[in-house]
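Asker: Have a look; sequence and predicted model below, questions after that.
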Amino acid sequence: MSSGATSRVTLRERSGRLLGRVRRTMGPLLHDKMFIAGAVMVGTLVIIAILAPWISPYPAQGMGQTALTSCSQSAAGICPPSAQHWFGTEEAGRDIMSRIFFGLQTSIAVSVLVVLMAAAIGLAMGLTAGYLGGLVDEAIMRITDIFLSFPHLILAVVIVAILGPGFNSVLYALGFTWWPSFARLARAQALEIRNKPYVMVAKSSGATTRSIIGRHILPNAISPILVLVSVDLGSVVLAEAGLSFLGLGIRPPTADLGVMIAESATQITTAWWYALFPGLFLAILVLGFNMLGDSIRDRLDPKLRVGLLGTIPKGMRGRWRI
């Protein structure tokens, strides 16, 4: 058999194993009510964010264009919910529903990009530290400890203050402060896997360090990382909204839920809808991510499942879906 045919067979086998693993993982999750509820919440908001330019009542206002409105029953430019503006309008006369739809784009994009960036940095540093050990491990872990000694948001505020507010600044600030937890988890997995027989065989056969980490350690350490990714998405959404609320995150006229909540603070007694609807969508997004993360963690984290089973009486274990 030619080398090309062999590589195709190997790729097909790997794809089959990956699909089988995904099927075994997703099968039980599809029967988990919490997972389904979280998936419906997040999926609906993701679809709204993707289709925002087409389903928003006023797309131009959603992207920042101001509008002239006058409402005698409220402050100038701030109109209550009506047939023309279902969620009302804000200070610049813009439709709040349109702003929320485009704000969801910002919140979801930031959360996904930050978690992916943090996971990439953390995996690279943690797997390297755990596999190589020695001085490399000590150096990387001390750097990690320094970052962990500061709360995420405080360190992110310092970085944004240096870089200046904006979308890219928020990404860098949160991404470069969120990686330590991924690094510690990846290191723990690498320490456990590096002495496995298949790793020792690969090392004795002359495989490079990069090859061993990429082909043997990473695939077997990915499940806990996926759990942490799913759990952290909601936290990143709140962190980004917090930075924007403080005026250090996304800047107007870019739509953002945190910015809208901050702008509504001075009008909360006269225009209740101004803060209610952005806050409601932010809460639904975070709740959906948290429900997804908890369900995936319960399914993929063996230690958590063992711990839960240990606290449930033996005769009642059949009644619990763990």
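Answerer: Looks like it arrived, so ask away. Numbering: from 1, shown residues only.
Asker: If I follow the layout properly, residue 42 ends up in contact with residue 287?
Answerer: No - contact between residue 42 and residue 287 fails when scored by C-beta atoms under 8 Å: they sit 9.3 Å apart. Using the backbone N, CA and C atoms, a C-beta is placed for each residue, glycine as well.
Asker: Between the two, tell me which one has more neighbours.
Answerer: residue 42 (22 against 15; other C-beta atoms under 10 Å).
Asker: Which secondary structure state does the more buried one sit in?
Answerer: Counting by DSSP: H, G, I helix; E, B strand; the rest coil, the backbone at residue 42 sits in helix.
Asker: all numbers from here: first residue = 440
Answerer: Sounds good: first residue 440 from here, last item residue 481.
Asker: count of neighbours near the closest residue in space to it that isn't next to it in sequence?
Answerer: Nearest-residue entry for residue 481: residue 727, 4.0 Å, with adjacent residues in sequence omitted and distances by C-beta to C-beta, 6 or more residues apart in numbering. By other C-beta under 10 Å, the residues close to residue 727 number 23.
Asker: Kindly report the same for residue 532.
Answerer: 19.
Asker: on that earlier part again, mind telling me what element the residue nearest to residue 481 is part of?
Answerer: Assessed by DSSP states H and E, residue 727 sits inside helix 711-739.
Asker: Any figure for the gap between the closest residue to residue 471 other than its chain neighbours and residue 632?
Answerer: Nearest non-adjacent residue to residue 471, counting by C-beta to C-beta, 6+ apart: residue 734, 5.1 Å away. Residue 734 is 26 Å from residue 632, where distance means C-beta to C-beta, to the nearest Å.
Asker: Ok, residue 560 next?
Answerer: Separation of residue 560 from residue 632 (C-beta to C-beta): 20 Å.
Asker: Who has more neighbours out of those two?
Answerer: Shown here are residue 560 and residue 632; by other C-beta under 10 Å, residue 632 has more neighbours (21 against 17).
Asker: Pretty sure residue 655 sits in a helix.
Answerer: Yes - applying three-state DSSP, one finds residue 655 inside a helix.
Asker: For it, which non-adjacent residue is closest in space?
Answerer: Of all residues not flanking residue 655 in the chain, residue 638 sits nearest, at 5.2 Å (C-beta to C-beta, 6+ apart).
Asker: who's in contact with the helix or strand where the one you found lies?
Answerer: Using DSSP H and E, residue 638 sits in helix 636-643. Here helix 636-643 makes contact (C-beta atoms under 8 Å, 6 or more residues apart in numbering) with 632, 650, 651, 654, 655, 656.
Asker: how about these, which pair is most distant?
Answerer: 632 and 650 (14.4 Å; C-beta to C-beta).
Asker: Read off the pLDDT value for the spatially closest residue to residue 650 that is not a sequence neighbour.
Answerer: Distances taken as C-beta to C-beta, 6+ apart place residue 641 nearest to residue 650, at 7.4 Å, with adjacent residues excluded. pLDDT for residue 641: 78.
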